[in-house]
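Student: fold the following for me, if possible:
(one chain, ligands or ions: 1)
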Amino acid sequence: MTLRSLQHIIPSIPVSDGAGVKLRRSLGQSQGLRLDPFLMLDEFASDNPDDYIAGFPPHPHRGFETVTYMLAGDFEHQDHLGNKGHLRAGGAQWMTAGKGIIHSEMPLQKEGRLHGFQFWINLPAREKMKPAGYRDIQPEEIPTVALADAQVKVVAGEVITANGPVTGPIQGISTAPLFLDVRLDAGGSFEQAIPEGHSAFVYPYAGSLLIGADGQQKPLPARQAGVLSNGTTARVSAGAGADGACFLLLAARPLGEPVVQYGPFVMNTREEIEQALDEYRRGVLA
Ligand code: FE2
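Tutor: Down below sits the predicted model:
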C-alpha cells in the first residue's frame, strides 16, 4: 500500500455563472487549474435567493459530462431531448453532453438554502461525439456505508466494507470515476483505495481535513481542492474541531489527450471548437 499525500491545493474563488448564480470555483477557474480528466468543480451554497434565483437558462454543452450533486434545495433540469428532472437534496444528475445538449438548470425554490456541487469530467476523443445522455439519480439510489467513524455516500465507484464491496449507481463510464461524499466524525479517519495512476482530489465543504499518513499529515482547509499524489490509497482525517468534517472525494483515470475549451465546449482541437460554435450558431449543435 502506498498512501497518497497532499500534493497541492487549488483554493476556490467566488465567481458568477449562468444568469448570475454565485458560486465558488476551485478546479477550472483557469485553464491550467484542471486535473485530467476533471475540468471543473463548482460549489454553490447560499441562504440568499438573490445568489441563485436567476439559475442557468438554456445553454449548450459538447464533449464532456456534467455531474450535479445536491445537499440542500431543489433544481429542475430540462433539455432539448425532452428530459425533465427534479434534483433534490441527496440526489445527483449525471449528464453526458456528448455531441451536444442544450439544457436549463433552474432553482425550484424562491427562498431557503441551496447547497450543491457541479463538476465537469472530460470524455475521451472517441466518445466526444456520442449521443447525449441524461440520468437522474434519486437520493434513495445512492448507498450509504457506515464505517467506524465515517458515513460514506457512494455515487460512483466502489467502497470495500467488511461485508464486501458497495457500488454506486453510476457505472460504465470509461474514465472509471470514483465519487464519494464522506461525513467524518470528530477525530475520525477514512481510507479509500484508488487505482494507481488515477487522478484524485479531496474537497472539504464543512470543517477542515488532514491528509496523509499519521505523523506526516498536511492540513487542507474547507473549500479548497486538495490534489493527491499518486499511490494506492487515500487517507483522510478530520481536522481539529468538535464537529468532524464533510468532504467529496473524486478520482478518475486521466485521458492524457489535448484539451481545447471554449466555455461550455471541450474538444481536442481548435478546429473542433470552431465546428461546435458554427453548429451552435446554425442551430444544429444538438
Ligand atoms: Fe449546464
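Student: double-check that Q275 belongs to a strand.
Tutor: No - judged by DSSP: H, G, I helix; E, B strand; the rest coil, Q275 forms no part of a strand; its state is helix.
Student: so V152 touches V159, yeah?
Tutor: Yes - contact criterion C-beta atoms under 8 Å: V152 and V159 qualify, at 5.6 Å. Yep, even glycine has a C-beta here, placed from its N, CA and C like the rest.
Student: mutual contacts of those two, please.
Tutor: Residues touching both V152 and V159 (C-beta atoms under 8 Å, 6 or more residues apart in numbering): 145, 180.
Student: who has more neighbours, the two?
Tutor: V159 (23 against 20; other C-beta atoms under 10 Å).
Student: just the pLDDT for that one.
Tutor: Confidence at V159, expressed as pLDDT, is 97.
Student: and what of A286?
Tutor: The predicted local confidence for A286 is 82.
Student: neighbours around it, how many?
Tutor: Other residues close to A286 by other C-beta under 10 Å number 20.
Student: list the contacts of it.
Tutor: 60, 80, 99-102, 132.
Student: ok, F56 next?
Tutor: F56 neighbours (C-beta under 8 Å, 6+ apart): 17-19, 21, 104-106.
Student: which strand or helix spans F247?
Tutor: Secondary-structure element containing F247, defined by DSSP states H and E: strand 245-252.
Student: following element in sequence after that strand, please.
Tutor: Strand 245-252 is succeeded, C-terminally, by strand 260-262 (DSSP H and E).
Student: you'd agree L209 is up against P219?
Tutor: Yes - applying C-beta under 8 Å as the test, L209 and P219 come out as touching, 7.3 Å apart.
Student: which residues do these two both contact?
Tutor: G239.
Student: quick one, which of these two is more surrounded?
Tutor: Using other C-beta under 10 Å, the more surrounded residue of L209 and P219 is L209, with 26 against 14.
Student: quick check: bridge partners of M70?
Tutor: G116 (DSSP bridges).
Student: next, find the distance separating it from A92.
Tutor: For M70, the distance to A92 equals 7 Å [C-beta to C-beta, to the nearest Å].
Student: now do A276
Tutor: Relative to A92, and taking C-beta to C-beta, A276 is found at 26 Å.
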